[in-house]
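Student: coords below, sequence missing:
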DNA sequence: GTTTTTACTAACCATTTGGTTAATCTGATC
DNA sequence: GATCAGATTAACCAAATGGTTAGTAAAAAC
């Protein structure tokens, strides 16, 4: 991944500093193997540098992992918050949330597994990070659902249950990806198509369920 | 966990043979930490025996893990198969499936995480095990949904999507347990109550969505 | 042009970890 | 009660692993 230029002999790193390359490799490995499963040597090899450099830039494995994890949260939480708080009427918001949330997951398929794995591994530490980073308070969305019930736009339902239903249907297929592909005999492409369809299918499914029948 | 009886001085193992005790400890540890995260010493300590005994009874860590994993699958797959193939009309079957599936998960809260973790860690190996153990072919349920569509009992919907929706809503909250508890400020009891409510809520939600409107 | 700082490497270290082995203990059998 | 097989242990081993260190090369500062 490094090339010597003829004139100066300086290493050209494909536009990236060593630190950035390390971080990128750390992501690659940590995302797939988690904190415990990742090997410092593997990260170093992936980055094409000496193992000691990892410690030179990041002090320890755990600090390096935290950098990766916080990066993932920073990519994830603001997105969720934005999608949940956007100013739209309920049905439109559900459509907007699901479509954009799934798009985001399709671009970061490793995220659901990575976050769930680490949260189950170390709930205390992670929930602290969660709490600090962004209060993920679903207040606005919950209240919006309550309002829609009062105004008889939708049937009575526990807003928390509705919210978990929606998020479950968005995230879970990514976690079950290997099983789904196996059971339904899908290729990589087939799975992606299946997920793409869910962008419209999930909102339809939800709204169909909660909309007040005349 | 072992007690010396006054008379014989023999170790009483709470009705369990050494091998059973090892397997139980192996489950405890593997379920929480996975193959890579588990330590042989920790399992031995948990079982209250010498580490060498693990190898005496199970040859290697991986063989021991396979025993645990297959045990989990044996507990899981037949249940799913039975629930999906029971002879009931569609709506009744959805209610039956969700209620019993969630009950089963509540008694084995570690299962969703354990299985998903190992499947993502090692898709090839696991999917082979899956394939051997029981063909998890959802054919009957899928066909039943198709029939209900033809007979205009429910609206048109991709049966696979419906099935994944249902399973998502059942399993996912267990994977997100720490997050749900945090975000909604729940205790352990609060979480369990929340899940209990879903036994009725999910079928209602699904049937509400798919039932043909006059 | 000398000194200082930064980036980097090879070799090494201590600990952990899965696994082995030789010896011992125990309970049944003859 | 000597023999024998299975159960159990303490001690040990080799490999892997996170981390350190002493030293080098090159750029920056003086």
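Tutor: Sure, I can see it. Predicted model only: the values in this text are computed from it and were never measured. Numbering: from 1, shown residues only, chains lettered A, B, ... in the order given.
Student: show me where chain A has helices.
Tutor: Along chain A, counting by DSSP state H, helices occupy A:18-37, A:40-47, A:51-58, A:61-85, A:90-107, A:110-121, A:123-133, A:139-150, A:159-175, A:177-183, A:188-210.
Student: export these to CSV and tack on mean pLDDT and distance to residue B:187?
Tutor: In short, each C-beta sits where N, CA and C put it, glycine included. Shown next, in CSV, are those (pLDDT from 0 to 100; distance: least, C-beta to C-beta, whole Å):
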stretch, mean pLDDT, distance to residue B:187
helix A:18-37, 93, 28
helix A:40-47, 95, 39
helix A:51-58, 94, 37
helix A:61-85, 90, 24
helix A:90-107, 97, 28
helix A:110-121, 89, 18
helix A:123-133, 71, 14
helix A:139-150, 93, 19
helix A:159-175, 97, 15
helix A:177-183, 90, 32
helix A:188-210, 97, 28
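Student: if I look at residue A:87, how far off is DNA strand D?
Tutor: Relative to DNA strand D, residue A:87 is positioned 46 Å away (C-beta to the nearest atom of the strand, to the nearest Å).
Student: tell me who's in contact with that residue.
Tutor: Contacts for residue A:87 (C-beta atoms under 8 Å, 6 or more residues apart in numbering or on different chains) come out as none.
Student: then residue A:115?
Tutor: For residue A:115, the contact set (C-beta under 8 Å, 6+ apart) comprises A:72-73, A:76.
Student: one more time with 10 Å
Tutor: A:31, A:69, A:72-73, A:76-77, A:126, A:130, A:171, B:176, B:179 (C-beta atoms under 10 Å, 6 or more residues apart in numbering or on different chains).
Student: nearest residue to the middle of chain A?
Tutor: residue A:111 (3.6 Å; C-alpha atoms, centre = their mean).
Student: what residues are up against it?
Tutor: Residue A:111 sits in contact with A:31, A:72-73, A:75-76, A:104-105, A:171, A:174, where contact means C-beta under 10 Å, 6+ apart.
Student: report the buried members of the residues you listed.
Tutor: Burial by neighbour count, judged by 16 or more other C-beta atoms under 10 Å in any protein chain shown, picks out A:31, A:72-73, A:76, A:104-105, A:171, A:174 from the contacts of residue A:111.
Student: tell me the two of those that are most distant?
Tutor: Using C-beta to C-beta, the buried ones among the contacts of residue A:111 span at most 17.0 Å, a distance reached by A:73 and A:174.
Student: related to what we said a few turns ago, need the helices of chain A in JSON lines with distance to residue B:53, can you?
Tutor: Output for the helices of chain A, formatted as JSON lines (distance: least, C-beta to C-beta, whole Å):
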{"stretch": "helix A:18-37", "distance to residue B:53": "25"}
{"stretch": "helix A:40-47", "distance to residue B:53": "32"}
{"stretch": "helix A:51-58", "distance to residue B:53": "36"}
{"stretch": "helix A:61-85", "distance to residue B:53": "32"}
{"stretch": "helix A:90-107", "distance to residue B:53": "45"}
{"stretch": "helix A:110-121", "distance to residue B:53": "27"}
{"stretch": "helix A:123-133", "distance to residue B:53": "32"}
{"stretch": "helix A:139-150", "distance to residue B:53": "53"}
{"stretch": "helix A:159-175", "distance to residue B:53": "36"}
{"stretch": "helix A:177-183", "distance to residue B:53": "34"}
{"stretch": "helix A:188-210", "distance to residue B:53": "44"}
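Student: now those as TSV including distance to DNA strand D?
Tutor: TSV is the format used below for the helices of chain A (distance: least, C-beta to the nearest atom of the strand, whole Å):
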stretch	distance to DNA strand D
helix A:18-37	8
helix A:40-47	3
helix A:51-58	4
helix A:61-85	3
helix A:90-107	28
helix A:110-121	15
helix A:123-133	16
helix A:139-150	39
helix A:159-175	25
helix A:177-183	24
helix A:188-210	29
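Student: among these, which comes closest to residue B:64?
Tutor: helix A:18-37 (18.0 Å).
Student: what packs against that closest one?
Tutor: Judged by 3 or more C-beta pairs under 10 Å, 6 or more residues apart in numbering or on different chains; DSSP states H and E, the packing partners of helix A:18-37 are helix A:40-47, helix A:51-58, helix A:61-85, helix A:110-121, helix B:18-37, helix B:110-121.
Student: again, only this time at 7 Å
Tutor: The contact analysis (3 or more C-beta pairs under 7 Å, 6 or more residues apart in numbering or on different chains; DSSP states H and E) places helix A:18-37 against helix A:40-47, helix A:51-58, helix A:61-85, helix A:110-121, helix B:18-37.
Student: residues in contact with it?
Tutor: Helix A:18-37 is contacted from outside by A:13, A:38, A:42-43, A:46-47, A:49, A:53-54, A:57, A:64-65, A:67-68, A:110, A:114, A:117-118, A:121, B:36-37, using C-beta atoms under 7 Å, 6 or more residues apart in numbering or on different chains.
Student: try it again with 8 Å
Tutor: So helix A:18-37 is in contact with A:1, A:13, A:16, A:38-39, A:42-44, A:46-49, A:53-54, A:57-58, A:61-62, A:64-65, A:67-69, A:71-72, A:110-111, A:114, A:117-118, A:121, B:33, B:36-37, B:121, going by C-beta under 8 Å, 6+ apart.
Student: alright, that wraps it up for me.
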